[in-house]
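[1] I need the structure of the sequence given here:
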Amino acid sequence: MVLSDGDIKKALKSGRIVIKPLPDFKTQLGSCSIDLRLGNSFRVFEHSKHPFIDPSKKDFSNEITREIRVKNGDDFIMQPGDFVLAVTKERVTIPSDLMGRLEGRSSLGRLGIVVHSTASIFDPGWDGNPVLELGNLGRMAVALKVGMRICAMAFEELSSPSETPYTDKKFAKYKFQTAALESRIHQEKEL
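    Coordinates of the predicted model:
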C-alpha cells in the first residue's frame, strides 16, 4: 500500500519518517509522494582521462570521477548525453516497515532529464541523502538549479517489518551518505 499525502504528513509529524530539513507541504507534498530538492554535491565522470571503467578495481570509480560543489541557487548545466551523480538537499530516514521509491518529475522528464537509471528503491531502514543518477537524454543542455524540486519519493508499506533494515546490514555501501558518492561495486565479494 502506497502512503497518501495525509499519511505522509502524519508519518512526518510523528517521526515515523524523518526528512531534514522538513519539507514545505505547500510546495513539496504531492497526492502520494514528497518532492525532494537538488543538493549541491555532484560527481562527474572524467571520461577523457580513462578508456573504460573496471568495476572490480578497488577505488577505480573514485579515480574516474570528481566531486563538484555548486553554491545554493546556482546552476549545474547538464549537457546532452551527460550522466552525473547528484544528491538531494534532504536527508531521509525510513523505518523498517516502509520502503521508499524515488521517481522523476514529469516536468523535468519532458526536458529529457531522468533522475535514476536503475536505483529507485530505498530499502527499509534507509538513512541518508538520496543520490540521484542524473542523465540528460535530450538534445539540448538543461540548467538545473541547486534547491529546485528534482524528484519525488513515495513510501510503501511492507507486509511486515524488515528483519534486517539497511542501516543494520554489515556491508551496506551507502548508509548515512551526505554527498554524491562514487560507485562502491568493487566492495562486492563476487567481483
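[2] residue 148 and residue 38 touch, don't they?
    Yes: using C-beta atoms under 8 Å, residue 148 is in contact with residue 38, at 5.3 Å. C-beta here means a position set from N, CA and C on the backbone, and glycine is covered the same way.
[3] more neighbours: these two, which one.
    Comparing residue 148 with residue 38 by neighbour count (other C-beta atoms under 10 Å), the higher total belongs to residue 38, at 23 against 15.
[4] what sits against that one?
    Going by C-beta atoms under 8 Å, 6 or more residues apart in numbering, residue 38 touches 76, 86, 88, 89, 132, 144, 145, 146, 147, 148, 149, 150.
[5] are any of those buried, and which?
    For the contacts of residue 38, a burial check counting by 16 or more other C-beta atoms under 10 Å picks out 76, 86, 88, 89, 132, 144, 146, 149, 150.
[6] quick one: which of these sit in strands?
    The strands, defined by DSSP state E, take in 76, 86, 88, 132, 144, 149, 150 from those.
[7] dump those residues to a markdown table, plus distance to residue 121 and pLDDT.
    Below are these laid out as a markdown table (distance: C-beta to C-beta, whole Å; pLDDT from 0 to 100):
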| residue | distance to residue 121 | pLDDT |
| --- | --- | --- |
| 76 | 25 | 97 |
| 86 | 18 | 95 |
| 88 | 15 | 96 |
| 132 | 14 | 95 |
| 144 | 23 | 97 |
| 149 | 21 | 97 |
| 150 | 18 | 97 |
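[8] what about residue 92, how many residues nearby?
    21.
[9] got the buried residues for stretch 154-166?
    By neighbour count on 16+ other C-beta under 10 Å, the buried set for stretch 154-166 is 154, 155, 162, 165, 166.
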